[in-house]
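>>> Sharing a model prediction with you, sequence too.
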Amino acid sequence: MATTTWFEDLPVIGKMQPGKAAAKLREVGEHDAADALEGGLAKSEVFRGLARPWPFQDKPWQHTAHAFGYLAPVPPGSSAQPIQHAGNIAPDAFLKKARIKITLDGLRVAAYPGGGMHRVLFDFYAQNQMGSGVENLHFNATYRVQEGERAAIIGYPIFVGLNVGSDGVAFKCFTVNVQNDQDEAFLGFLESDVFKSGLKLAQVVQPAIAPLSEIAVGLTKSIAARNRNVPVQDFYMGLDFSAIAMRARLAEGSYIAVQVPEKLQTVWNWSDWVYSPANGQVVNKADATQMIPYNYIVFSVSRYDGD
């Protein structure tokens with residue numbers, strides 16, 4: 001994948017240099033966080049662009065690491081369902097060189113910069129792998145989410161009929177918190193019924209896909225760089241059919257990407273969290289009233305047998 005198809009030049013807030021991060025935070029009204037960040041930088045005599053002098057660790061949007069979980073398909077019922085690490089499951093060999101459907105089934109904003117109601121621009125990337133070639137795909141969508149809540153979405157089509165290669169598939173996700181008023185009005189067209197049907201793919205290369213994906217990339221880059229708009233989440237997830245311990249596997253089910261502190265990755269245990277079919281929430285196994293206190297995205301994979 002060419003570097004022009006992704007956003008290396010547009011770091012999320014957690015990867016920005018402290019001075020730039022403080023400026024972005026001021027744009028969206030996070031003055032206390034900006035003051036603390038600038039104060040911490042001023043006191044750091046050893047900072048040379050190599051350290052991350054965050055003087056606080058309580059903002060979900062400041063982290064860059066992610067924990068990846070997997071929820072297997074389950075029959076209807078009310079008992080809590082276990083969640084596993086995405087690398088601790090058996091791959092589904094029947095999905096090799098098959099076609100799949102990808103849906104967005106959860107977007108929780110524990111906290112994004114600025115607070116209040118958020119307009120989240122979501123960019124989802126995948127490769128459509130066919131015998132005749134590879135298509136780099138981007139799909140854009142926007143969702144309105146209140147701070148501390150989940151977006152009102154379930155089963156939102158992203159890619160319909162994605163072709164899986166013999167080695168599996170790879171996904172990338174990038175989110176932008178949009179607070180520029182002009183951009184909010186402009187992005188309204190992404191909420192139309194045309195976009196809500198997802199990107200429908202064929203078994204042969206479609207000439208229109210490449211320019212559409214380029215437009216999607218250009219749109220995301222333009223919006224992310226604008227005043228009062230802040231990139232928040234950025235992660236890559238490769239799913240294959242191997243038995244390599246450190247990789248994630250491809251199977252039908254739901255994948256959960258949680259934006260967690262780097263230090264928490266070593267102690268994060270998916271067995272502490274379960275899915276409650278009774279209310280459709282991911283909750284603490286010991287306390288069903290406690291939800292994951294971090295931003296997370298849920299996307300699901302299912303076999304596609306359409307045209």
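Happy to help now that I have it. Numbering: from 1, shown residues only.
>>> Tell me which helix or strand in the chain has the weakest average pLDDT.
Each helix and strand of the chain was given a mean pLDDT (mean pLDDT, DSSP states H and E); the minimum falls on helix 193-196 at a mean of 54.
>>> For the stretch 201-307 of the chain, just list every one of the helices.
Ranges of helices in the stretch 201-307 of the chain, per DSSP state H, counting those that start in this stretch, are 209-224.
>>> The residue nearest the centre of the chain bridge partners, please.
Nearest residue to the geometric centre of the chain (Cα atoms, centre = their mean): residue 173, 4.2 Å. Beta-bridge partners of residue 173, counted by DSSP bridges, are residue 124, residue 235.
>>> For it, give its distance to residue 125.
8 Å (Cβ to Cβ, to the nearest Å). From N, CA and C alone the C-beta is placed, and that goes for glycine too.
>>> Residue 291 now?
Between residue 291 and residue 125 the computed distance is 28 Å (Cβ to Cβ).
>>> These two: which is more packed in?
Legend: neighbour count by other Cβ atoms under 10 Å for residue 291 and residue 125, higher for residue 125 (23 against 18).
>>> Low-confidence stretches in the stretch 1-150 of the chain?
Along the stretch 1-150 of the chain, segments meeting pLDDT under 70 span 1-5, 40-53, 131-132.
>>> if you set the cut-off to 80 instead, what comes out?
Applying pLDDT under 80 to the stretch 1-150 of the chain flags the ranges 1-6, 40-54, 78, 130-134.
>>> And the helices in it, which stretches?
Using DSSP H, counting those that start in this stretch, helices in the stretch 1-150 of the chain cover 18-27, 31-43.
>>> which of these sits most buried?
Counting by mean count of other Cβ atoms under 10 Å, helix 18-27 has the highest mean neighbour count of the helices of the stretch 1-150 of the chain, with a mean of 19.
>>> centre of the chain versus that helix, how much separation?
22 Å (Cα atoms, centre = their mean, to the nearest Å).
>>> re the thing from before, quick check, the residue nearest to the centre of the chain in contact with residue 121.
No: applying Cβ atoms under 8 Å as the test, residue 173 and residue 121 come out as separate, 11.4 Å apart.
>>> Okay, strands next: where are they in the stretch 51-200 of the chain?
For the stretch 51-200 of the chain, strands defined by DSSP state E, counting those that start in this stretch occupy the ranges 65-71, 81-82, 84-85, 99-109, 117-130, 133-146, 149-150, 156-163, 169-178, 199-200.
>>> for these, which one sits closest to residue 255?
strand 65-71 (5.7 Å; Cβ to Cβ).
>>> quick one: buried residues of that closest one?
66, 67, 68, 69, 70, 71 (16 or more other Cβ atoms under 10 Å).
>>> who does it pair up with?
Strand 65-71 has the following strand partners under DSSP bridges: strand 84-85 (antiparallel), strand 253-260 (antiparallel).
>>> Tell me where the stretch 201-307 of the chain has strands.
229-240, 248-249, 253-260, 273-276, 281-284, 296-303.
>>> Let me have those strands in a markdown table, adding mean neighbour count, mean pLDDT and distance to residue 104 as columns.
Formatted as a markdown table, the strands of the stretch 201-307 of the chain follow (neighbours: other Cβ atoms under 10 Å; pLDDT from 0 to 100; distance: least, Cβ to Cβ, whole Å):
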| stretch | mean neighbour count | mean pLDDT | distance to residue 104 |
| --- | --- | --- | --- |
| strand 229-240 | 21 | 94 | 13 |
| strand 248-249 | 20 | 96 | 18 |
| strand 253-260 | 23 | 96 | 10 |
| strand 273-276 | 20 | 95 | 16 |
| strand 281-284 | 18 | 94 | 15 |
| strand 296-303 | 21 | 97 | 5 |
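>>> So which of those strands is nearest residue 81?
Nearest of those to residue 81, taken as Cβ to Cβ: strand 273-276 at 4.4 Å.
>>> helices or strands next to that closest one in the packing?
For strand 273-276, the elements it packs on are strand 81-82, strand 281-284, judged by 3 or more Cβ pairs under 8 Å, 6 or more residues apart in numbering; DSSP states H and E.
>>> who does that strand pair up with?
strand 81-82 (antiparallel), strand 281-284 (antiparallel).
>>> which residues sit against the longest one?
Residues outside strand 281-284 that contact it (Cβ atoms under 8 Å, 6 or more residues apart in numbering): 80, 83, 106, 256, 272-276, 289-292, 296, 298.
>>> Would you tell me which one of those comes nearest to residue 26?
For the contacts of strand 281-284, the nearest to residue 26 is residue 296 (26.8 Å; Cβ to Cβ).
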